[in-house]
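Engineer: sequence below, structure please.
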Amino acid sequence: MAARKNLFFTRKLSHSKGRNMLKYSVGLDVSSKDIHCCISVIDRGQRVSVKGTRKVTNALKGFEGLDDWIKRHWKQSDIPLVICMEATGAYYENCAMYLFKAGYTVSVILPNKAKKYLQASGVKSKNDKIDAKGLAQMGAEKSLEPWQPMGEFFYQLRELTRHEQSLQELKTMINNRLHASNLGMYLNKEVIRQTKAQVKLLEKQIEACEKLVVEHVNSNAEVASRISKICTIKGVAIKTVATLVAETNGFLLFKNARQLCSFAGYDIVENQSGNHVGKTRISKKGNSHIRRILHMPAFNVVLRKVKPFSDLYERTVDKHGIKMKGFVAVQKKLLTIIYALWKKDEAFNEKYTNEQYIQASEPILG
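Structural biologist: Sure, this is the predicted structure:
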């Protein structure tokens, strides 16, 4: 009789614990070869407890084992489960895609965000197992944005545009080295000859890469049509727009321009507390490829006096007296207008005043 009573209370307690659970969370610390895994649960009292840990290989066989392991621990399928991992270069992509196709809710977060969270949680040590546990806790406590895989077309376009950028940066570095060699106390003709040959090779590769970008864009009629309409802005070339759509997956995941500006690092950061009033600036915590590609187009539209960009530049410089602030404001305006043109599938209309253009794009820009 006593044994039956204990069994009844055990089952009742187990059932009560199940009802108190809010969410399962799996944290994955991904490296090039291995994935450290941790599964945790959070209850209604906001207590997070670890249910299991393991390590798998960062390969298809490891992903299959991870899938089976998650299903074994996910004993109550009516309770939601999220998978949280860091954006560690390209190492996480295959695992994230496999789990996404398997039907899981996957969240990919920036490494600095995870690092700050762990520091705020009081974690002092760092290793792969601790990081996986911290990511599982973060997924349990936070409401993270679900990850969506990038389409193959835009993924390939991003590979091309980033490769062209790296070639440009390498060319600049070697040109600087050549300049220093030419001004040295003693000239080495062989070093100068080889350095010039490197520059010529890079120029050929850059030219070939730019052609590949154009060919890839033209392989998709809809994308090519939208980009050609946006390029009606004087001073904006196909490479600029191609980079923007490649880095944003065709602006697919953005509901309004504010989200896009935050993603690119153009969101405003204030520094004010009590009597202290610091400088107001953009965060620069976002996609640096977008900010880099908008640098020269911002100069071009101001130089060619394209409205509403030139008007915005003049107002900003009159207010602050700093030209670079004016150009940054133009970069942000360029990004939002390109976003509106892409969503509406329209060409740029320079005759619009600034207020008219904002009003026309308000349903898109939010």
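Engineer: all strands of the stretch 51-200 of the chain, in order?
Structural biologist: Under the criterion DSSP state E, counting those that start in this stretch, strands of the stretch 51-200 of the chain are mapped to 81-86, 105-109.
Engineer: including mean neighbour count, could the ones you listed go into CSV?
Structural biologist: All C-beta atoms are positioned from the backbone trio N, CA, C, and that covers glycine. Listed next are the strands of the stretch 51-200 of the chain as CSV, based on neighbours: other Cβ atoms under 10 Å:
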stretch, mean neighbour count
strand 81-86, 24
strand 105-109, 20
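Engineer: got these as JSON lines, with distance to Val306 columns?
Structural biologist: Supplementary listing: the strands of the stretch 51-200 of the chain in JSON lines, determined by distance: least, Cβ to Cβ, whole Å:
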{"stretch": "strand 81-86", "distance to Val306": "41"}
{"stretch": "strand 105-109", "distance to Val306": "37"}
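Engineer: how about those in TSV, adding mean pLDDT and distance to Val241?
Structural biologist: TSV is the format used below for the strands of the stretch 51-200 of the chain (pLDDT from 0 to 100; distance: least, Cβ to Cβ, whole Å):
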stretch	mean pLDDT	distance to Val241
strand 81-86	94	30
strand 105-109	93	25
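Engineer: quick one: which of those strands is nearest Ala257?
Structural biologist: Each of the strands of the stretch 51-200 of the chain was checked against Ala257 via Cβ to Cβ, and the shortest separation belongs to strand 105-109, namely 22.8 Å.
Engineer: neighbouring strands of that closest one in the sheet, and parallel or not?
Structural biologist: Next to strand 105-109 in the sheet, as set by DSSP bridges, lie strand 81-86 (parallel).
Engineer: now do the strand it pairs with: distance to the chain's middle.
Structural biologist: The chain centre lies 16 Å from the centre of strand 81-86; the measure is Cα atoms, centre = their mean, to the nearest Å.
Engineer: take that strand, keep the C-alpha atoms, and write them as PDB.
Structural biologist: Output in PDB follows, covering the C-alpha atoms of strand 81-86 (Å, rounded to 0.1, in the frame of the first residue of the first chain):
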ATOM      1  CA  LEU A  81      12.200  23.800 -28.200                       C
ATOM      2  CA  VAL A  82      14.700  26.300 -29.600                       C
ATOM      3  CA  ILE A  83      18.300  25.700 -30.700                       C
ATOM      4  CA  CYS A  84      20.800  28.500 -30.100                       C
ATOM      5  CA  MET A  85      24.200  28.800 -31.700                       C
ATOM      6  CA  GLU A  86      26.800  31.500 -32.500                       C
END
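Engineer: now do the strands in the stretch 251-366 of the chain.
Structural biologist: For the stretch 251-366 of the chain, the strands identified by DSSP E, counting those that start in this stretch occupy 268-269, 272-273, 276-277, 281-282, in order along the chain.
Engineer: the closest residue to Ile70 other than its chain neighbours: what secondary structure?
Structural biologist: Distance criterion Cβ to Cβ, 6 or more residues apart in numbering; nearest residue to Ile70, sequence neighbours excluded, is Val26 at 6.0 Å. Val26 carries the three-state label strand when classified by DSSP: H, G, I helix; E, B strand; the rest coil.
Engineer: verify the stated contact: Val26 with Ile39.
Structural biologist: Yes. The pair Val26 and Ile39 passes the contact test of Cβ atoms under 8 Å, sitting 4.9 Å apart.
Engineer: so the two - more neighbours on which side?
Structural biologist: Neighbour tally, Val26 and Ile39, criterion other Cβ atoms under 10 Å: the higher count belongs to Val26, 29 against 26.
Engineer: what residue lies at the spatial centre of this structure?
Structural biologist: Nearest to the centroid of the C-alpha atoms of the chain, with distances taken as Cα atoms, centre = their mean, sits Asn287, at 5.8 Å.
Engineer: now stretch 147-159: average pLDDT?
Structural biologist: When pLDDT is averaged along stretch 147-159, the result is 93.
Engineer: what distance separates it from the middle of the whole chain?
Structural biologist: With Cα atoms, centre = their mean as the basis, the distance from the averaged C-alpha position of stretch 147-159 to the chain average is 12 Å.
Engineer: what's it in contact with?
Structural biologist: Stretch 147-159 is contacted from outside by 96-97, 100, 106-108, 213, 216-217, 219-220, 223, 242, 245-247, 249-250, 252-253, using Cβ atoms under 8 Å, 6 or more residues apart in numbering.
Engineer: buried stuff in that stretch?
Structural biologist: Neighbour counts using 16 or more other Cβ atoms under 10 Å place 147, 150, 153-154, 157-158 of stretch 147-159 among the buried residues.
Engineer: mind putting these into JSON lines with distance to Cys84?
Structural biologist: Below are those laid out as JSON lines (distance: Cβ to Cβ, whole Å):
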{"residue": "Trp147", "distance to Cys84": "10"}
{"residue": "Met150", "distance to Cys84": "19"}
{"residue": "Phe153", "distance to Cys84": "28"}
{"residue": "Phe154", "distance to Cys84": "24"}
{"residue": "Leu157", "distance to Cys84": "28"}
{"residue": "Arg158", "distance to Cys84": "24"}
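Engineer: which members of these are the farthest-apart pair?
Structural biologist: The span of those, defined through Cβ to Cβ, is set by Trp147 and Leu157 at 19.4 Å.
Engineer: hang on, the earlier thing: any idea which of the strands of the stretch 51-200 of the chain gets closest to Lys343?
Structural biologist: Among the strands of the stretch 51-200 of the chain, the nearest to Lys343 by Cβ to Cβ is strand 105-109 (24.3 Å).
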